[in-house]
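> here is my input; please provide its structure:
(one chain, ligands or ions: 2)
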Amino acid sequence: MKTEVLCFANNKGGSGKSTTCSSVAYAMAEKGNKVLLIDGDMQLNLTLSYFTEDKALEIAAGENNLYYAVKNQKPLDDFICKTDYPNIDIIPSSTLMSSVEFELFTKWQREFILKKMLKNIVESGVYNYILIDAPPTLGCWVMNILIASDKIILPVEASPWGLFGLANMMEFISQVKELSPSLDLLGVAITKVDARKNYFKQTMETLNAEEGIKVFENVIHLDSSVEWAQDNSKPVGSYKKSSRSALEYSALTDEILNELRR
Ligand SMILES: Nc1ncnc2c1ncn2[C@@H]1O[C@H](COP(=O)(O)OP(=O)(O)OP(=O)(O)O)[C@@H](O)[C@H]1O
Ligand SMILES: [Mg+2]
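Numbering: from 1, shown residues only. Ligands and ions are numbered 1, 2, ... in the order given. Got it, this is the predicted structure:
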């Protein structure tokens, strides 16, 4: 089976990219898939969903992280770390990723660097899915993440400002498609739905009115287990299997896997 590369991207900060990436990875693995995570953000949030803060900071300060690999244009094969879960591996980030744009600036074919670094791993077919967590920016680095991906999942927070900037994101995707024509938006995942408010319906209606955008039916509600899981350096499915968000992320993952098979 071909390894599928998915990224979680939205220039809107706090939309649930890292939480969705870590939770979907866990659910994919539970469903029998082998998954590689790549933390593309200097905030280390994806790394911190699988490693303690001490361990994440130690890796970030050393050479076994994505920043070091990009800076030195090394194949990513040597940067894979094991997690506590046998079917989930991770390439951790570094706080130094803050200067990744600067590093890319002088490099030849700078939009394609991550794709080239991932080539061996993708071709080896070891993983069913590679999931990349993108930072909330729209520069050359996120372009690298999109170009390295087959499909984009766009988490949107169900809040009044959740859709703000979506037009910029869609425009960015269409520009990247000129360099990588096979890239597609797989779907929008609605996150952080507050059951006490009606706002989610409005977000759903606005998105459904947009032509050509698939909105996943399984939405994710606000759930304190997400924060407790993060506090315990675990994906929510592992922290509390029966929590609302773990069940919702499992259902969303089924929908994502079905959409990928279509
Ligand atoms: N379902 C949820 N219930 C409660 N809190 C949540 C939920 N999903 C995300 N959060 C919280 O919302 C905040 C933002 O989530 P997250 O870090 O996943 O977003 P992000 O898009 O990756 O942010 P950034 O743009 O900074 O990378 C985090 O503090 C997270 O704990
Ligand atoms: Mg994030």
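> tell me the residues of the protein that contact ligand 1?
Proximity of the chain to ligand 1 (Cβ under 6 Å from any ligand atom) is limited to residues 13-19, 41, 43, 45, 135-136, 191-192, 220, 222-223, 226-227, 230, 245. Any C-beta I mention is one placed from the backbone N, CA and C, and that applies to glycine too.
> can I get the buried part of those residues as one ChimeraX selection?
Entered in ChimeraX, the line below selects the buried ones among those, by 16 or more other Cβ atoms under 10 Å:
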select :14,15,16,17,18,19,41,43,45,135,136,191,192,220,222,223,226,230,245
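> list the ones among the residues of the chain next to ligand 1 that fall in helices.
Lys17, Ser18, Thr19, Asn45, Val226, Glu227, Gln230, Ser245 (DSSP state H).
> got a markdown table for the residues you listed, with pLDDT and distance to Asn128 too?
What follows is these, written out as a markdown table (pLDDT from 0 to 100; distance: Cβ to Cβ, whole Å):
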| residue | pLDDT | distance to Asn128 |
| --- | --- | --- |
| Lys17 | 98 | 21 |
| Ser18 | 98 | 21 |
| Thr19 | 98 | 21 |
| Asn45 | 97 | 23 |
| Val226 | 98 | 25 |
| Glu227 | 97 | 29 |
| Gln230 | 97 | 25 |
| Ser245 | 98 | 23 |
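> for these, which one is nearest Met143?
Lys17 (16.2 Å; Cβ to Cβ).
> return the helix or strand in the protein with minimum mean pLDDT.
Lowest by mean pLDDT, DSSP states H and E among the helices and strands of the chain is helix 199-209, with a mean of 83.
> related to what we said a few turns ago, can you redo the ones in helices among the residues of the chain next to ligand 1 as TSV with distance to Phe164?
Putting these into TSV (distance: Cβ to Cβ, whole Å) gives the following:
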residue	distance to Phe164
Lys17	16
Ser18	19
Thr19	19
Asn45	21
Val226	22
Glu227	24
Gln230	25
Ser245	24
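> returning to that earlier point: now for the least confident helix or strand of the chain, which elements pack on it?
For helix 199-209, the elements it packs on are strand 184-191, judged by 3 or more Cβ pairs under 8 Å, 6 or more residues apart in numbering; DSSP states H and E.
> in the strand it packs on, what's buried?
Those would be Leu185, Leu186, Gly187, Val188, Ala189, Ile190, Thr191, for strand 184-191 by 16+ other Cβ under 10 Å.
> what residues are bridge-paired with the first one?
The partner list for Leu185 in beta bridges (DSSP bridges) reads Ile152.
> mind listing what it touches?
Leu185 makes contact with Lys151, Ile152, Leu154, Ile173, Ile213, Lys214 under the criterion Cβ atoms under 8 Å, 6 or more residues apart in numbering.
> can you check the fifth one too?
By Cβ under 8 Å, 6+ apart, the contact list for Ala189 reads Gly16, Thr20, Ile153, Leu154, Pro155, Val156, Phe216, Val219, Ile220, Leu252.
> report the separation between the last one and ligand 2.
Leu252 sits 17 Å away from ligand 2, taking Cβ to the ion, to the nearest Å as the criterion.
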